[in-house]
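Undergrad: prediction below, plus the sequence it came from.
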Amino acid sequence: MKKNSTIFAATLCLQLIAFSSQSQTLCLSYEAFTATKSSSCAVTLAWTYQQCIDGVFYVQYSVNGGVNWYNIGVVNSTGSIGTEQSYTFVDNYACPGNSTYPNAYYRLYFVKGGGAGIDVSIVKAVGFSGCSCSQNNTTRCNNIPTISISGAEAICTGTSQTYTLSSGGYGVTWSITSGSSLVSVTGSDPTYITLANNTSNGMAVLTANLEGCRTISKNIQIGVPYWSGGMYGWDEPNPCVGSNQIVQLNPLPAPAPIDWSVTSSPSPYDYWIEGSGESAEFGGFDAGEYDLMATAHMGCGDSYAYGSTTLVYCFGNRMMIPNNRTAQQTPGKPGPITIYPNPVRSSFTVSAPGSSINEIRIYDMLGALRMDVKPGNSQQALVSVNSLSSGVYIVNIYHDKTIERKKITVQK
């Protein structure tokens, strides 16, 4: 009977210092892990460790019975391999739980060097009778610098990415707070997390809780996220030929470079479109239908938005000249702006019946101003192109507080 009692006592002793391990290494063991509260309500953790590998201890803290753990400190192992080393950590900002969990809970999370695995100690509960939360995590949190999550902006199909903190020395508790069904966690510890995308497309949010003080997040594209691409913003029902239209896109699920293009127009190159973000300036020099496309270069592929509009000849914001028709001036109202001859050899005439031409500016196709003519508020102006080389140019005609754009071809 005495022998059995001895065996039972020895077994109980081993259970009290037992720890869970995700490693097959058997020479690692925690000894005498204690958590002691002082009269000032600080908690001192002390332990010795018989180690056969280098690594890092993360001191973890919970106030809800171990449901959620937060890393509140980092202690590097300093003992030589094969020796026993003593360690301490003082939590000056401990705070009790609530009526359901009146204790604070501590454990040690040891990450072995070289990716050899982890060891987790038993949990120690500390009562806080006579203490309050006046010394909660505020001071600890104020000492933590601004930190972000580092890693790729996208995880493409069939690949994985690893995410860490932008500044070392701090441990975090990782979670996927949105889009958890899109990725799988293939590895993690308080210093990193690796996420894999098998066949999904969408957006995920990776969240790191930093020592129970601060939550930081990172939006990650998973594959090619769905984009409800669409265009809006131009004048309706019929924008005017030569007018500058501001075209807008539905917001992207995540920031990405955007290329704008015109895929169909009444005449090749008879338009302009400029934009690199979610809006662009667009216009055309001929009446007819124009098809536009915006290409968003997402991290794992391209996504597209399409739009179409029809430009008409007009003045005073009213349609006057359908495509391929002869202009007819309405009595008492300004007539359409015309340029002739076109192509131009030495000079051309700008005619604006019923209007006053204030200024004429000529630009090359790179947007450089090549000529600036002020005809003196006349209804007709003769413009010499002797200083221009052969090529295509844009003519801006300023009249009656409006602007109209034309295109000319200089042939010499």
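TA: Nice, thanks for sending it over. Residues are numbered from 1 along each chain as shown.
Undergrad: hang on, Gly66 packs against Val123?
TA: Yes: using CB atoms under 8 Å as the test, Gly66 is close enough to Val123 to be in contact (5.8 Å). All C-beta atoms are positioned from the backbone trio N, CA, C, and that covers glycine.
Undergrad: common neighbours of those two, please.
TA: Common neighbours of Gly66 and Val123, counting by CB atoms under 8 Å, 6 or more residues apart in numbering, are Tyr105, Arg107.
Undergrad: burial check on Leu388, number of neighbours?
TA: Using other CB atoms under 10 Å, Leu388 has 18 other residues around it.
Undergrad: how about it, nearest residue that isn't a chain neighbour?
TA: Computed as CB to CB, 6 or more residues apart in numbering, the closest residue to Leu388 that is not its neighbour in sequence is Val410, at 5.1 Å.
Undergrad: how about the contacts made by that neighbour?
TA: Contact criterion CB under 8 Å, 6+ apart gives Pro343, Val344, Arg345, Val385, Leu388, Ser389, Ser390, Gly391, Val392, Tyr393 as the residues in contact with Val410.
Undergrad: do that again at 7 Å, thanks
TA: Residues near Val410 by CB atoms under 7 Å, 6 or more residues apart in numbering: Pro343, Val344, Val385, Leu388, Ser390, Gly391, Tyr393.
Undergrad: what's the most distant pair in the residues you listed?
TA: Set against one another by CB to CB, the contacts of Val410 have their most distant pair in Pro343 and Leu388, with a gap of 12.0 Å.
Undergrad: Asn377: what's it in contact with?
TA: So, once contact is read as CB under 7 Å, 6+ apart, Asn377 ends up touching Ser356, Ile357, Asn358.
Undergrad: only whichever of the residues you listed are buried, select them in ChimeraX.
TA: The buried subset of those, as determined by 16 or more other CB atoms under 10 Å, is captured in ChimeraX by this line:
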select :357,358
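Undergrad: just the closest of the contacts of Asn377 to Gly230, please.
TA: Closest to Gly230, out of all of the contacts of Asn377 and judged by CB to CB, is Asn358, at 38.4 Å.
Undergrad: need the pLDDT of that closest one.
TA: The predicted local distance difference test score for Asn358 is 87.
Undergrad: over to Phe33?
TA: Reading off the confidence values, Phe33 has pLDDT 88.
Undergrad: on the three-state scheme, the residue nearest to it when sequence neighbours are not counted is what?
TA: Spatial nearest neighbour of Phe33, excluding adjacent residues (CB to CB, 6+ apart): Trp47 at 4.2 Å. Under DSSP: H, G, I helix; E, B strand; the rest coil, Trp47 falls in the strand class.
Undergrad: can you tell me how far Trp47 is from Arg107?
TA: To Arg107, Trp47 is 11 Å away according to CB to CB, to the nearest Å.
Undergrad: low-confidence stretches in the stretch 151-300 of the chain?
TA: Low-confidence segments of the stretch 151-300 of the chain, defined by pLDDT under 70, span residues 168-171, 211-212, 235-237, 269.
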